[in-house]
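>>> No letters, just coordinates:
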């Protein structure tokens, strides 16, 4: 993905009154690499509105005694302009709670722009209620870039229908294999999703942690389609996907219709299609494609 001059966090709901009231950050960092340094130096901060002395610049000053608060209406945004000729390719952002729990953002996006007018979402977070507390960064580093990677480096499950019109999508575990019955290849990369109900407890990573008691859930507003993806450290030739449905009566959240898609370096290519599926409680299903039949041993006749 190309670098961009303007970046902003666009907040649509807080943890108290939903789509009304204040939102804020104690500190914000924008990073060009996973776990990397904060890039917000030498630029200009601004916001859709501020409450009193709680200016936008306070969220970028590395001072935990100051903070930014919006003007009391949502949506609100806080923006950083890196300046002409200083565009950045941001892959991660981190925020510190403003100290008032109800004002922490719940639903928000990291967006970028080249003209300070037209904005494109890069990372979407919904239902974030598990902030790590004042003075500690909560990090959204799922590498949710949906349009970046080498041929075969990104794979996704694109879900287009639930069972019986269920309100959301969820999977407890996902494995991606390079051979039928082979080892899970999902190690050393990053999981990401179209949305997550809570990034700390039901984030995309929870579907790839080899723990069937944790799982990913999309934001509970019937977002269709929803997708769950994995970005490998290097390209993979995946031929089999294994999925585990939720338990506790929530198996209807597992996808009835979906495709498995491979990123070819510029667009998504469908490798496998399923439709009309039903799931039982905590059921695991295996989906295989592109596996060649075993080669036949040639028979040689020798005439004497």
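That came in fine, so what should we check first? This one's a predicted model, so the numbers in the text were calculated from it and none came from an experiment. Numbering: from 1, shown residues only.
>>> who's in contact with the lowest-mean-pLDDT helix or strand in the chain?
For the chain, the helix or strand with the lowest mean confidence is strand 137-140, at a mean of 70 (criterion: mean pLDDT, DSSP states H and E). For strand 137-140, contacts defined as Cβ atoms under 8 Å, 6 or more residues apart in numbering pick out 27, 29, 92-97, 110, 123, 125, 128, 131-132, 199-200. Heads up, the C-betas are built off the backbone N, CA and C, glycines and all.
>>> Please check the residues you listed and keep the buried ones.
For those, a burial check counting by 16 or more other Cβ atoms under 10 Å picks out 27, 29, 92-97, 110, 123, 125, 128, 131, 199.
>>> and which of these is nearest to residue 259?
Set against residue 259, the nearest of the buried ones among the contacts of strand 137-140 by Cβ to Cβ is residue 123 (22.8 Å).
>>> In TSV, list the buried ones among the contacts of strand 137-140 along with secondary structure and pLDDT.
Listed next are the buried ones among the contacts of strand 137-140 as TSV, based on DSSP: H, G, I helix; E, B strand; the rest coil; pLDDT from 0 to 100:
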residue	secondary structure	pLDDT
27	strand	94
29	strand	94
92	strand	82
93	strand	88
94	strand	86
95	strand	89
96	strand	88
97	coil	86
110	strand	90
123	strand	80
125	strand	79
128	coil	77
131	coil	72
199	coil	57
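>>> which regions of the stretch 1-150 of the chain lie under the pLDDT threshold?
Along the stretch 1-150 of the chain, segments meeting pLDDT under 70 span 1, 17-19, 130, 132-134, 139, 141-150.
>>> all strands of it, in order?
Ranges of strands in the stretch 1-150 of the chain, per DSSP state E, counting those that start in this stretch, are 6-14, 24-25, 27-31, 44-47, 68-69, 76-81, 92-96, 105-113, 120-125, 137-140.
>>> mind listing the strands for the stretch 151-300 of the chain?
154-162, 170-171, 173-177, 190-193, 216-217, 226-231, 240-244, 255-263, 268-274, 284-288.
>>> For residue 210, which of the ones you listed is the nearest?
Counting by Cβ to Cβ, residue 210 lies closest to strand 173-177 out of the strands of the stretch 151-300 of the chain; the figure is 7.2 Å.
>>> Check which helices and strands the closest one sits against.
strand 226-231, strand 240-244 (3 or more Cβ pairs under 8 Å, 6 or more residues apart in numbering; DSSP states H and E).
>>> Against residue 228, how distant is residue 289?
Note on residue 289: its distance to residue 228, by Cβ to Cβ, to the nearest Å, is 18 Å.
>>> what does residue 173 give?
According to Cβ to Cβ, residue 173 stands 11 Å off from residue 228.
>>> Between these two, which is the more surrounded one?
residue 228 (26 against 23; other Cβ atoms under 10 Å).
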